[in-house]
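>>> structure for the following, please:
(one chain, ligands or ions: 1)
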Amino acid sequence: MKQLSIILGVLLLGMNANAQNTEVQGDTTRLLDEVKIIGIAKRKIETEMKMAVSVDEFLASSDNISFIKRGAYAWEPLLNNMSTERSTLTIDGMHIFGACTDKMDPVTSYVESNNLSTIDIKSGQEGSLHGATVAGSIDLKRKSTPFDMEKKFNGAYQTGFEFNNNQFFNLGNVSYSSDKFVADGSISFRKAGNYSDGNNDKVNHSQYNKFNTSLGLAYKTGPLSSVRVDAIYDKAKDVGFPALPMDLWLSRAIITSAAYKQLFEDGLLRVWDTKLYFNAIEHYMDDTTRPENLVHMDMPGWSTTYGLVSKMNLKKDSYSSEIQLNAYENLSIAEMRMYPQDRSERTMFAYSWPWITTRFVSLAVNNSWDVSEKSRLNIGGTLGWNYNHSKYAEFNWIFHPGTPQEKNRFLPGLHASYQLNIDKSYFSVGTGYGRRAPSVSEGYGYYIYNSFDRYDYIGNPDLKNEISYEANASAGFKNEKMGIEIKANYFHIQNYIIGKVLSLGSPMNYQSVGVKGYTSLDHAKLFNMSLNANYDILQHLHWKGGLTYARATDDKDGNLPFIRPLSYQTSLHLMHKRFSVQTSLNGDFTQDNFSPEYGEDPTPAYAIWNLSADYTFNLKNFKTVLQVGAENLTNKQYSTYADWGNIPRMGRNIFTSLKINF
Ligand SMILES: [Cu+2]
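Numbers count the residues shown, from 1 in each chain. You can find the predicted model right below:
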C-alpha cells in the first residue's frame, strides 16, 4: 500500500497540473496568487470577542460545531451534533488520527491559531471530498503566503495573559515572499494553571502546556509550477483532564508533507496539486497524579499515518469541478499496563488498540454548473475502500471469537444541491447519501474505559457500515444594512454505532460499573437548525444574533447523548475612531432531552455575558492592537450539556492581549 502510494505519487508528479481563473495570462505569479487568495479571503482566526483565540475557541464560533469538554484543553469538536468518528478531520486535506483511546487529542489539538489561515467546515456529504463521512468535514487550512514579484517580509507577534488560569501565551509568525521563493514560519508557547469555576473553587488537574512550531517553504520550479514542503511540530506536556481519571504526561506530533503544484494556462484542467505526507503522534497518559487511584495504569498510544492527496480543479465556461484522490495508511497502537502502587509489580498487560492498520483510498468529485446567472447545481460523489487489519486479533477474539483478522469495506457517497439567488435573497436545497466505516475504537477497541457512563467499551470488528441519508435546506436575505439566514439539515442514519451493555465480561477498571460493546442501532435520526441575523444599527454600531436547535433520537425514540439544547448568542459591536468595544451574551436553555441510558442527566439553563475593548495604534510603524476583556463577567457557576462528568466551566476570566503586525 505504502509502495502503491509512492508509485501513484511519482506518477502524478510526473504529469502536469493546474489553475482556477478563466482569465489566463502569461503572468504566472498572478495565477498562483489567484489560486491562493481563495484561502486568504476567508475568515481570520479570531472571534468577535477575542483576537487571540485558541483553535478551539475559534471553532466554537461556528454554529454547526459544539464540543465535548473534558477540561480546559483539546476539546472534541462535534459537527452537526455528531462525534468525531462521524466527520473527517484533516489538515490541508491530510488525514491524521489521534493516539489517545480517551479522545484527549483531537486533530485540532495539534495546530495553533498562528499557523492556520482558516478552517473549512462542510456539512454532511458536501464534505466527502476528503474521505467517507456522515457528519461532514473540518479541514484546517495552514497559512501559505503566495509568491510575489516584490520581495516582502511580514509577520506578527502576539502575547497575552488570562487571569483566571494564569494563562500566558506568546505567538509569533513570519513570512517571506519573493518571485521564486516563499517561507512561512511560526512558533508558539502557552502555559496555563488550574482554572477557577464560578464559585471561585479551583478545578484541579486543568492545567496545560503547549508548544507548537511550523515551517513551510515553497519554490517556483517553473512559470506555472511550484513545490512546497511543510512541517508542524507540536508538544503538549503536563495537561490535566479534570473530567477523566487520568492526565496527559506528554504528547508529541510531527506532521510533514511535500507537494507539487502545476497550473495550466488553457484547457479544462487548471490546477493539479499533489501531496505526499507523513505524520506520527505519541501520547503518554499518567494517572499517578491522582492519589485516589489505588491501581495505576499506564496507557500509551501511537498513531502513524502515510498518505497521498491529489487534487485537480477543472473549469470550462459555466462548469467547474474538483476531483480528489485520497490514500492513506494508519497504524494505531494503544497499550494498557496495570500495576499496584509499586511500578515494578506489573499485574496486567493488554492492547486497547491491538496494532490496527487502516488503509483507505477514495476518489471524490464535486461538480458545479452555473445553470443560469442566478442558479447553480452541484452534484458530487465519492467511492472509498477501507481496509482494517488487527495484528493481535486474540484481543478481539475474546468477545468476538473467530472474527476475521482483516476486513474490507466499500464506502460510496453521493450528494446534490441546488442554489438559487433572487435579488437579495438566496435559497438552497440539497440531499446526500453516504457511508462510513467504524473507527479503530468502535471496531477493535479493547476495554476502553469511558468515565462518562463508567463502562469499559469493547469494539466489534463485524459492525456494519453506518449509512446516512441526508436532506438540507437554507434560505437567506442580505442587503447593505442587514442579513438573515436560516439553515436546517436532517440525517437518517442506519446502523448507527453506539455502546450497549454486554451481559458477558466483567469490568477491568475498579472504577467501572460494567462492560459495553459497540453495536448498531437499527437507525437514528438527527435534526439541526440554525437562525442567524445581523443588523447595522448605526454606521459604527453592529448587532448580531443567532439561535441553534437540534433534536436526535434512536430507533426507540429515546434521546441520543451530547445533543445541544436550544442555544443562543447575541452581540453588539461599537467602533469609535481607534477604539472598539464589543459585548456578547450567550447561553443554552435547559437540556430536557437528555439521555440517562448514556450517562446523561438534565443540565440547567445558563447565560454568560462577555465584554471586551480594543485600541489600535502605531508602535513606530507597526500596526498594534491592545485588547482587554472579560469572559463570564458575572462569574456564573455553570456546566454545559457536553461537559464530561458535569465539570464546572471557567468562572470570570479577565484577558489581555497585544498584537503587533509588521
Ligand atoms: Cu489520553
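>>> when you work out contacts or count neighbours from here on, use the C-alpha atoms and nothing else.
Noted.
>>> tell me the pLDDT at Asn16?
You'll see Asn16 listed with a pLDDT of 31.
>>> er, Met1 actually
Taking Met1 on its own, its pLDDT is 36.
>>> how about Asn209?
As predicted, Asn209 sits at a pLDDT of 96.
>>> that one in helix, strand or coil?
strand (DSSP: H, G, I helix; E, B strand; the rest coil).
>>> repeat that for Ser128.
With three-state DSSP as the basis, Ser128 sits in helix.
>>> neighbours of it, just the number please.
A total of 34 residues lie near Ser128 under the criterion other CA atoms under 10 Å.
>>> that one touches Leu383, doesn't it?
No. Counting by CA atoms under 8 Å, Ser128 does not reach Leu383; the two are 9.4 Å apart.
>>> give me the number of residues near the closest residue to Lys237 other than its chain neighbours?
Setting aside the residues directly before and after it, Lys237 is nearest to Leu250 in space (CA to CA, 6 or more residues apart in numbering), at 4.5 Å. Leu250 has 17 neighbours, counted by other CA under 10 Å.
>>> same deal with Pro401?
Per other CA under 10 Å, the neighbour tally for Pro401 reads 11.
>>> wait, a strand at it?
No. Pro401: not assigned to a strand; according to three-state DSSP it is coil.
>>> distance of it relative to the ion?
Pro401 is 28 Å from the ion, where distance means CA to the ion, to the nearest Å.
>>> what do you get for Asp462?
Computed as CA to the ion, the Asp462 to the ion distance reads 26 Å.
>>> can you tell me the SS state at that residue?
Applying three-state DSSP: Asp462 is coil.
>>> which pLDDT value belongs to it?
For Asp462, the predicted pLDDT is 95.
>>> with Phe452 instead?
pLDDT for Phe452: 85.
>>> kindly report the same for Leu560.
The score at Leu560 is 95. That number is its pLDDT.
>>> repeat for Asp342
Per the predicted model, pLDDT is 64 at Asp342.
>>> with the one 3 residues further on instead?
Note for Glu345: predicted pLDDT of 67.
>>> Val53 now?
According to the model, Val53 carries a pLDDT of 85.
>>> list the residues that contact it.
Applying CA atoms under 8 Å, 6 or more residues apart in numbering, we find Val53 in contact with Ile45, Glu46, Thr47, Ser113.
>>> what about the residue in the chain that the ion sits nearest to, neighbour count?
Residue nearest to the ion within the chain (CA to the ion): Cys100, separated by 4.2 Å. Counted with other CA under 10 Å, the neighbours of Cys100 add up to 26.
>>> one more: Asp102?
Neighbour count of Asp102, defined by other CA under 10 Å: 17.
>>> where do the strands sit along the stretch 401-550 of the chain?
Taking DSSP state E, counting those that start in this stretch, the strands of the stretch 401-550 of the chain run over residues 406-422, 425-436, 448-450, 455-458, 466-478, 482-501, 514-538, 541-554.
>>> and these as CSV, adding mean neighbour count?
Listed next are the strands of the stretch 401-550 of the chain as CSV, based on neighbours: other CA atoms under 10 Å:
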stretch, mean neighbour count
strand 406-422, 18
strand 425-436, 21
strand 448-450, 22
strand 455-458, 27
strand 466-478, 20
strand 482-501, 19
strand 514-538, 20
strand 541-554, 19
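>>> from Glu470, how far off is the closest residue to Ser123 other than its chain neighbours?
Excluding its sequence neighbours, the residue lying closest to Ser123 (CA to CA, 6+ apart) is Gly136, at 4.4 Å. When distance is defined by CA to CA, to the nearest Å, Gly136 is 11 Å away from Glu470.
>>> joint contacts of the two?
Common contact partners of Gly136 and Glu470 (CA under 8 Å, 6+ apart): Gly124.
>>> coming back round to it: check what pLDDT the nearest residue to the residue of the chain closest to the ion once chain neighbours are set aside gets.
Excluding its sequence neighbours, the residue lying closest to Cys100 (CA to CA, 6+ apart) is Gly301, at 5.8 Å. In this prediction, Gly301 carries a pLDDT score of 96.
>>> what do you get for Leu4?
At Leu4, pLDDT is 35.
>>> residues contacting the closest residue to Asn532 other than its chain neighbours?
What sits nearest to Asn532 in space, not counting adjacent residues and going by CA to CA, 6+ apart, is Gly546, at 4.3 Å. Neighbour list for Gly546: Ser530, Leu531, Asn532, Ala533, Tyr568, Gln569, Thr570 [criterion: CA under 8 Å, 6+ apart].
>>> near the ion, which residues of the protein show up?
Counting by CA under 5 Å from the ion, the residues of the chain close to the ion are Cys100, Met104.
>>> quick one: least confident helix or strand in this protein?
Every helix and strand of the chain was ranked by mean pLDDT, DSSP states H and E. The lowest is helix 2-14, at a mean of 34.
>>> mind listing what Leu331 touches?
Neighbouring residues of Leu331 by CA under 8 Å, 6+ apart: Trp302, Ser303, Thr304, Thr305, Trp355, Ile356, Thr357, Thr358.
>>> what's the closest non-adjacent residue to it?
Thr357 (4.5 Å).
>>> likewise Gln569?
Ranked by CA to CA, 6+ apart and with sequence neighbours excluded, the top spatial neighbour of Gln569 is Asn586, at 4.2 Å.
>>> and the helix or strand containing that neighbour, which strands flank it?
Here Asn586 sits within strand 579-588, counting by DSSP states H and E. Taking DSSP bridges as the criterion, strand 579-588 pairs within the sheet with strand 567-576 (antiparallel), strand 606-619 (antiparallel).
>>> quick one: mean pLDDT for the shortest one?
For strand 567-576, the per-residue pLDDT values average out at 95.
>>> before we move on, what about the last one?
Strand 606-619 shows a mean pLDDT of 94 in the predicted model.
>>> now the following helix or strand past that strand against strand 579-588, angle please.
Sequence-wise, the next helix or strand downstream of strand 606-619 (DSSP H and E) is strand 622-631. Relative orientation of strand 622-631 versus strand 579-588 (axes from the mean of the first three to the mean of the last three CA atoms, to 10 degrees): 40 degrees.
>>> got the contact list for strand 622-631?
So strand 622-631 is contacted by 50-51, 608-618, 652-662 (CA under 8 Å, 6+ apart).
>>> and for stretch 383-398?
Here stretch 383-398 makes contact (CA under 8 Å, 6+ apart) with 131-132, 350-351, 354-364, 403, 405-413, 437, 444-446, 459-461.
>>> mark which of these are buried, thanks.
131-132, 351, 354-364, 403, 405, 409-413, 437, 444-446, 459-461 (16 or more other CA atoms under 10 Å).
>>> in contact with the residue of the chain closest to the ion, which residues are there?
Residues near Cys100 by CA under 8 Å, 6+ apart: His283, Pro300, Gly301, Trp302, Ala334.
>>> and it, what's its pLDDT?
For Cys100, pLDDT reads 96.
>>> and what of Arg436?
97.
>>> then the one 3 residues further on?
pLDDT for Ser439: 97.
>>> given the helix or strand hosting Asn326, what are its sheet partners and their directions?
Asn326 belongs to strand 319-339 when assigned by DSSP H and E. Paired with strand 319-339 in the same sheet, following DSSP bridges, are strand 296-298 (antiparallel), strand 301-316 (antiparallel), strand 348-370 (antiparallel).
>>> now do the buried residues in stretch 185-195.
Gly185, Ser186, Ile187, Ser188, Phe189, Arg190, Lys191, Ala192, Gly193, Asn194, Tyr195.
>>> Ile91 pairs with what?
With DSSP bridges as the criterion, Ile91 is bridged to Met94, Leu140.
>>> which residues touch it?
Asp139, Leu140, Lys141, Arg142.
>>> just say helix, strand or coil for the residue of the chain closest to the ion.
What three-state DSSP gives for Cys100 is coil.
>>> for Asp536, see how far away it is.
For Cys100, the distance to Asp536 equals 46 Å [CA to CA].
>>> over to Glu406?
Taken as CA to CA, the span from Glu406 to Asp536 is 59 Å.
>>> same question for Lys261.
Here Lys261 is placed at a distance of 42 Å from Asp536 (CA to CA).
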